[in-house]
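Enquirer: My questions concern the predicted model and sequence given below.
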Amino acid sequence: MRKIIFLGWVVAIAAFSLIPFLWFLLTSWKSPIEISSIPPVLLPSFHWDNYRSAIEDHGLLRYIANSAIVAGATTAISIFVASLAAYALARFNFRWGWVYLMLLLALSMFPQIAIAGPVWRLLSSLGWLNSYHGIVAAYISLSLPFAIWVLTTFFKELPHDIEEAALIDGCTRWQALRLVVLPLAAPGLFTAAILVFIHAWNEFFFALIILTYPAVQTLPVGIALFPGEYTMPWGEIAAASTIATLPLVALTLIFQRRIVQGLSAGAVKG
C-alpha cells in the first residue's frame, strides 16, 4: 500500500511538473485562431507554420548556434580548470581548504544582480561586450564555484592507492592525474559538465546585458525578443522554446544514469 501511495505521489508530481512544457508543446502546433480562442483549444490542428516562422523569420538557427558555441566553450574551460582546482583541494592538505570550499559554496549562491554592474564594467573596459569570449568569461565565473565544489567532493572519494602506485611506478603527478585519476573520475566530470552546460544554455540575465547585437545573442535572449511592437507571437515563441528545450531533455534522458551516478558518488563513504 505504501508503495502504491508513493508511486501515486511520483506520478502526480511528474505530471504537475510537465504540464507547462506540454502546454507550450501543444501551443507550438496551434494556429493563431486556436491560440486566442476562448475556451482554450486543448488539441491542436498541428500547424507547422510556427516552427517555420521561428526558423526563417526570427533566425532561430543562429541563436541555437550561438548558444551551442557559448555553452560548449564554457563547459570545456570550466571543467578543465575545475578539475585541476578540485584535485588540488582533494589531494593536498591545505590548512584552510574547508574555508575555501565554504567560500565557493557561498559564491555559487550569490545573486547575479549584485555583480551585474561590476561584470559589465569590467567587460566593457576590456572591449569584450557583444563577443563570445566576453559572455563565456562571465559564465565561467558563475560556473566554476559549483563545478569545483562537485568535483572536490567526488575526488575525495577516489582511492589513493592506485594513484600512489602510479607515482611509485614513475609517473609524474600530471601523468597520474591524466592517466589514472581523471578516468576514474569520469562520472563526476560528466555530471559537472552536464550541469554547467545546462546552466550556460539556459542563462538569460547576463546574456541580456552583455549581448545586445543580434548576431551573437543566445537562445534565451533571442526568444525573449521575438515579440514585436504590437504583437505577441505566442505560437513562434512556443515553437522556439520547444526546440530550445529538446536538446536538454535528450541529454538528460540519454545520460541520466551517469548523472545520478556522479551526483551520488560522493554521498557514500567506502
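Expert: Cool, the structure landed.
Enquirer: how close does residue 32 get to residue 207?
Expert: Computed as CB to CB, to the nearest Å, the residue 32 to residue 207 distance reads 29 Å. C-betas here are computed from N, CA, C, even on glycine.
Enquirer: Please say which of the two ends up with more neighbours.
Expert: With neighbours defined as other CB atoms under 10 Å, residue 32 and residue 207 compare such that residue 207 has more, 25 against 14.
Enquirer: if I pick that one, what's in contact with it?
Expert: Residues near residue 207 by CB atoms under 8 Å, 6 or more residues apart in numbering: 135, 217-218, 220-221.
Enquirer: State the three-state secondary structure for it.
Expert: helix (DSSP: H, G, I helix; E, B strand; the rest coil).
Enquirer: State the pLDDT value of it.
Expert: pLDDT, residue 207: 94.
Enquirer: Please renumber the chain so that the first residue is 274 from this point on.
Expert: I'll keep to 274 as the first residue from here, and by that count the last item is residue 480.
Enquirer: who touches the residue positioned nearest the centre of the chain in this structure?
Expert: By CA atoms, centre = their mean, the chain has its centre lying nearest to residue 471, at 1.6 Å. Each residue near residue 471 by CB under 8 Å, 6+ apart is listed here: 521, 524.
Enquirer: Pass me the low-pLDDT residue ranges in this protein, would you?
Expert: 502, 531-543 (pLDDT under 70).
Enquirer: Just the element for the residue nearest to the centre of the chain, please.
Expert: Assigned by DSSP states H and E, residue 471 belongs to helix 459-475.
Enquirer: cool, and residue 419?
Expert: Per DSSP H and E: helix 405-429 holds residue 419.
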